[in-house]
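Enquirer: Sequence first, then the predicted structure, then my questions.
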Amino acid sequence: MTITITLEEAQAKLKDFIHQLAPGDEIIITENQQTVAKLVSENPQHRKPRVPGLGKGMISLLKEDNEHLEGFAEYTP
């Protein structure tokens, strides 16, 4: 979808127009019936799927202790 507005409308309501845009929509701003600017909304960034094991080796234990697990003994095999 393309919205064409005057420079005066843009100065008054640009924030409202931007919030109405869907990904890929455009706002064309004109002055004296000549295009002076074109704003194109971006597509949202697609997040890559998570892959198990990417954090392997990033945590190091300074002290090995099992005391903190004593309260969970009934839940662990």
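Expert: Cool, got the structure. Numbers count the residues shown, from 1 in each chain.

Enquirer: Report the distance from the helix or strand encompassing Asp16 to the chain centre.
Expert: Using DSSP states H and E, Asp16 falls within helix 7-20. Centroid separation for helix 7-20 versus its chain: 22 Å, with C-alpha atoms, centre = their mean, to the nearest Å.

Enquirer: chain center to stretch 34-43, what's the gap?
Expert: Taking mean C-alpha positions (C-alpha atoms, centre = their mean), stretch 34-43 and its chain are 20 Å apart.

Enquirer: and that stretch, C-alpha only, in CSV?
Expert: The C-alpha coordinates for stretch 34-43 follow below in CSV (Å, rounded to 0.1, in the frame of the first residue of the first chain):
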residue,chain,number,x,y,z
GLN,A,34,6.5,17.0,-6.6
THR,A,35,7.8,14.0,-4.6
VAL,A,36,10.4,15.1,-2.1
ALA,A,37,10.7,11.9,0.0
LYS,A,38,9.7,8.3,0.2
LEU,A,39,9.5,6.3,3.4
VAL,A,40,9.4,2.5,3.2
SER,A,41,8.6,0.4,6.3
GLU,A,42,10.9,-2.5,6.9
ASN,A,43,10.0,-6.1,7.1
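
Enquirer: I'd like the mean pLDDT over that stretch, please.
Expert: Averaging pLDDT along stretch 34-43 yields 89.

Enquirer: what comes up buried for that stretch?
Expert: Going by neighbour count (16 or more other C-beta atoms under 10 Å), nothing in stretch 34-43 comes out as buried. The C-beta positions use only the backbone N, C-alpha and C, and glycine is treated the same way.

Enquirer: What lies in contact with it?
Expert: 7, 10, 18, 21-30 (C-beta atoms under 8 Å, 6 or more residues apart in numbering).

Enquirer: Can you select the buried ones among these for me in ChimeraX?
Expert: Selecting only the buried entries of the contacts of stretch 34-43 in ChimeraX, with 16+ other C-beta under 10 Å as the criterion:
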select :10,21,27,29,30
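
Enquirer: rewinding a little: give me the angle between the helix or strand just after the helix holding Asp16 and helix 7-20.
Expert: Downstream of helix 7-20, the first helix or strand assigned by DSSP H and E is strand 26-31. Strand 26-31 runs at 170 degrees relative to helix 7-20, counting by axes from the mean of the first three to the mean of the last three C-alpha atoms, to 10 degrees.
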